[in-house]
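A.B. asks: Model the structure of this input:
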Amino acid sequence: MPESRRGRSARARALAPLLALTVVLSGCSSPASTFDQAIGQGIAAVETARIAVEQQLDDRIFPTTTITALGDARRELVDASTSVSETDTSTESDAALRTDLLEALALGVAGVNEARDAMGGTGSLEDAVPALDRAAGALEALEERPPSAEEGGGR
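C.D. replies: Model prediction:
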């Protein structure tokens, strides 16, 4: 039986405070939390790209699957970069971390782009491996960084 307009209106009024609370809480995440999430997202994307490239080099994966995996990895890296670049920082250490993280994510995008170009016939897929390795190393170094004083000594 269809819900009446009055019932839908009452439900909307009841859910409004919950929605408002969700919006407020989502805006309260710290830069460190956003950066940690982006680091994890970046590492996962680069590792996905590396596995796809290695499998392609060993002829153990279809080219269309490799291209799809590289496209997905690129999208994740760009999304992480967008989140990081839109994050406001209030300390010098957060600003420096944001800069370093954006550079590491850019290395990931460049490595994935190099692999995608090679899949399209421009360049060598083997040459993409060191680029992906550099990106993975940069992101892993950020993941292993010591916690800053602003983070309360823990992550």
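A.B. asks: any idea which helix or strand carries G42?
C.D. replies: helix 31-57 (DSSP states H and E).
A.B. asks: Likewise for T89?
C.D. replies: Counting by DSSP H and E, T89 is part of no helix or strand.
A.B. asks: again with T64
C.D. replies: Applying DSSP H and E as the criterion places T64 in helix 63-85.
A.B. asks: Can you give the contact residues for that helix?
C.D. replies: The contact list for helix 63-85 (CB atoms under 8 Å, 6 or more residues apart in numbering) reads 34-35, 37-38, 41-42, 44-46, 48-49, 51-53, 55-56, 98, 101-102, 105-106, 108-109, 112-113, 115-116, 119. All C-beta atoms are positioned from the backbone trio N, CA, C, and that covers glycine.
A.B. asks: Could you identify the buried members of those?
C.D. replies: Buried members of the contacts of helix 63-85, scored by 16 or more other CB atoms under 10 Å, are 34-35, 38, 41-42, 45-46, 48-49, 52-53, 56, 98, 101, 105, 108-109, 112-113, 115-116, 119.
A.B. asks: List phi and psi for S124.
C.D. replies: With angles defined as degrees, to the nearest 10, S124 sits at phi -120, psi 130.
A.B. asks: Count the residues that sit near it.
C.D. replies: 11 (other CB atoms under 10 Å).
A.B. asks: Is it in contact with A118, as I believe?
C.D. replies: Yes. Using CB atoms under 8 Å, S124 is in contact with A118, at 5.7 Å.
A.B. asks: quick revisit: buried residues in the helix holding T64?
C.D. replies: For helix 63-85, a neighbour-count test (16+ other CB under 10 Å) marks T66, I67, A69, L70, A73, R74, E76, L77, A80, S81, S83, V84 as buried.
A.B. asks: Tell me which helix or strand in this protein has the weakest average pLDDT.
C.D. replies: helix 5-26 (a mean of 49; mean pLDDT, DSSP states H and E).
A.B. asks: Tell me the secondary structure at P147.
C.D. replies: coil (DSSP: H, G, I helix; E, B strand; the rest coil).
A.B. asks: swap that for I61, please
C.D. replies: coil.
A.B. asks: which residues touch it?
C.D. replies: Counting by CB under 8 Å, 6+ apart, I61 touches A52, Q55.
A.B. asks: Tell me the pLDDT of it.
C.D. replies: If you check I61, the pLDDT there is 97.
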